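Student: take a look and give me a structure for this.
(chains A and B)
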Amino acid sequence: MSALTQNVLWRGTARVMGLVGIRGRTLVIAVPMLWLLLFFLVPFVVLGRISLAEPMIARPPYSPLWERGPDGSLQIIASLENYRFLLSDALYRNAYLSSIRIAVVSTVFALLIGYPIAYFIARSPEPRRSVLLLMVILPFWTSFLLRVYAWMGFLRREGVINNTLVGLGVIDEPLVLMQTDLAVYIGIVYTYLPFMILPLYANLVKLDSALLEAAGDLGASPMVTFFTVTLPLSLPGIVAGSMLVFIPAIGEYVIPALLGGPDTLMIGRVLWDEFFSSRDWPVASAVAIVMLFLVVAPIMWLQSVQNRRALD
Amino acid sequence: MQNRFVTAAVAAIVASAGAAQAQTINVYNWSDYIAPDTIERFTEETGIEVNYDVFDSNDTLEARMLAGSSGFDVVVPTADFLQRQIAAGVYQPLNKDLLPNLEHMDPQLMELAANFDPGNEHSVIYLWGTTGIGYNVDAVAERMGDDYEVNTWDIIFDPEVAAQFEDCGIAWLDAPTELLPPALNYLGLDPNSTDPDDFEAAGELLNGVRDTVRYFHSSQYISDLANGEICLAVGWSGDVLQAADRAAEADAGVEVGYSIPNEGAHLWFDMLAIPADAPNPEAAHEFINFLMEPEIAADIVNYVMFPNANASSTEFIDEEVLNDPTIYPTEEAKEGFWTLRPYDSRTDRVVTRLWTRVRTGQ
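Tutor: Residues are numbered from 1 along each chain as shown, chains lettered A, B, ... in the order given. As a prediction, the model looks like this:
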């Protein structure tokens, strides 16, 4: 197709849409809206509807939303029983709390480890940066599952860590590392570290070095400069990185399932169990909806804080 | 140019016709539950390609079956689960004209299976077995003395005995129907009881020893027993025996044993069935029929060490497998065995809650 015909076609389409009242702006907004509608709102409504049903051994495994009564009248069957159940059973409350705890601790460790790395990369000379960044991204070329299995090889009773420590005579008996909370923390921090490093790097690399020089000229020690200039300026990077680690970590299923023990309570695992072990779709749906609110709430709060700051 | 285009078009048409001819079936079976060459031989003989996928819990299978449109042509539920899934309309009746090898099946065992599937209308026995205790022979001798014989559920359910194995690792199957009934039986109650008081007592027993459990998982224990990662497991007979085999092969000083406790054990049947919405039911019948070929059936038993219900296959089964009482239990042992009746919806919910509580320690 020549550039001319393409141009004509494009203008023609634009004119037709203009006649019907669709403007470019509407179109641009419509795409993400349609995306949200299809992949967020619709599944959300389906989940909401299942969460009001009762479980059954049938196909599908929950009660229908309405039924014809004996007199032919339509009866709607819906109850908040499943939500009441979530509140009454300590398991779910503890699972939510423990998920949040694990996600927060993992995020803090990812930040403590990720910040110096991001800082180092950002301060490296230009040609070396891309190599260093590549090293951060490189593990992504292997399957995530394989990398978690590799950790199992390290942490096992007869694994690399135990064999080394016993071989060096540091310990007599192998340590129990697998199926512990520690293993879950290691797994999460390891897996999500790049999500912390990349936004931090993107932020730190833009930092104007003249500001640091100015601070130095005014007599601030490197330490003081870091805490009064670099750190506050990198706050957006810290927030972005922390969100990118915290949100997937809170709903994590694979890592606690493979590395965690029976005591490692995480909501992602409880959710899986509700679907596949208890086959209780209604309660599982209720758990998912509550979790959604738990994850969305901090984002909304953050958004509003940022908006307020932007206004100031 | 024109010519090359025509050639390409013809090639495309031929290719698509070929694809239509090559049939495919999707099989969903338990992990470590078939001989390594069975699928290959089936494809060689029939030209039907097999996509083979595995699970390690009846609950997972049931969740996928009840969701519908699973795309599977052959699945392998345990008989008590099969029974209620049949009631939910999950499976299609078998066309016995397409299964001439049914004549090889042991009528006595098929009769037992008919308790779950009246008239064997929907299913054929694939393999059967028991749920017992797998143990590390040296670890047991070290802790309990050389003369101690693992032959009772004490080692799992008595907190004092189980506590001695906590440091070297105990694994339980992640399946309420494999732990709750033996707990009931251990307390002298009916393993099939649905009485809430009985459940409470059994729950208390399980909760009293759950802290000795390293993890709850239904397939991981095979390799972990074999390499000494854990030393006790409540597991399925053939799986523990496969662990014993792997340990012997690795020759790293780990010896694994399997015990059917004297108090009794769960006797179960895993059944071949075809989902009602199977995309390719005819090929599925062909696959099931193939699995009932005496030599094929014997090969599977020799490899997975779970017994089958194929009377004609016995002559092809290794002598040591046939004479192993942990694989083919003695008549005496069989007296203590129980089979399970499926729970109704309400009891099912009570049981899964109880199990969640035991597993998570909440």
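Student: when you work out contacts or count neighbours from here on, use the C-alpha atoms and nothing else.
Tutor: Fine.
Student: can you tell me the closest non-neighbouring residue to residue 288?
Tutor: You didn't pick a chain, so chain A it is. A:Leu271 (7.1 Å; Cα to Cα, 6 or more residues apart in numbering or on different chains).
Student: not quite, go with chain B.
Tutor: That would be B:Leu272: by Cα to Cα, 6+ apart, it lies 7.1 Å from B:Ile288.
Student: got the contact list for A:Pro298?
Tutor: Not one residue lies near A:Pro298 by Cα atoms under 8 Å, 6 or more residues apart in numbering or on different chains.
Student: contact residues of the stretch 151-300 of chain A facing chain B?
Tutor: Residues of the stretch 151-300 of chain A lying close to chain B by Cα under 8 Å from any Cα of the partner chain are A:156-158, A:179, A:261-265, A:275-280.
Student: and those residues, which two are furthest apart?
Tutor: A:Glu158 and A:Asp280 (38.0 Å; Cα to Cα).
Student: and the strands in the chain?
Tutor: Looking at chain A here, since you left the chain open. Using DSSP state E, the strands assigned to chain A run over residues A:66-68, A:74-76.
Student: not quite, go with chain B.
Tutor: Going by DSSP E, chain B shows strands at B:24-30, B:49-55, B:74-75, B:123-136, B:170-172, B:215-216, B:232-236, B:256-259, B:266-273.
Student: pick the most buried one from the ones you listed.
Tutor: strand B:232-236 (a mean of 28; mean count of other Cα atoms under 10 Å in any protein chain shown).
Student: give me the angle between that strand and strand B:266-273.
Tutor: 40 degrees (axes from the mean of the first three to the mean of the last three Cα atoms, to 10 degrees).
Student: specify the beta-bridge partners of the residue nearest to B:Ile288.
Tutor: B:Val124 (DSSP bridges).
Student: my guess is it contacts B:Leu127. True?
Tutor: No: the criterion here is Cα atoms under 8 Å, and B:Leu272 misses it with B:Leu127 at 9.1 Å.
Student: adding mean pLDDT, mean neighbour count and distance to A:Glu252, write the strands of chain A out as TSV.
Tutor: Putting the strands of chain A into TSV (pLDDT from 0 to 100; neighbours: other Cα atoms under 10 Å in any protein chain shown; distance: least, Cα to Cα, whole Å) gives the following:
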stretch	mean pLDDT	mean neighbour count	distance to A:Glu252
strand A:66-68	79	12	35
strand A:74-76	80	11	35
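Student: spatially central residue for chain A, please.
Tutor: A:Pro248 (2.0 Å; Cα atoms, centre = their mean).
Student: now do that one against A:Val45, distance only.
Tutor: If you measure A:Pro248 against A:Val45 using Cα to Cα, to the nearest Å, the figure is 22 Å.
Student: what's the closest of the strands of chain A to chain B?
Tutor: Across those, chain B has its closest neighbour in strand A:66-68 (18.3 Å, Cα to the nearest Cα).
Student: can you tell me the strand partners of the closest one and which way each runs?
Tutor: Here, using DSSP bridges, strand A:66-68 pairs with strand A:74-76 (antiparallel).
Student: what residues does the strand it pairs with touch?
Tutor: Contacts for strand A:74-76 (Cα under 8 Å, 6+ apart): A:65-69.
Student: closest one of those residues to B:Gln220?
Tutor: A:Leu65 (39.7 Å).
Student: now the residue nearest to that closest one when sequence neighbours are not counted: phi and psi?
Tutor: Of all residues not flanking A:Leu65 in the chain, A:Ile77 sits nearest, at 5.3 Å (Cα to Cα, 6+ apart). Geometry field for A:Ile77 lists phi and psi as phi -110, psi 110, criterion degrees, to the nearest 10.
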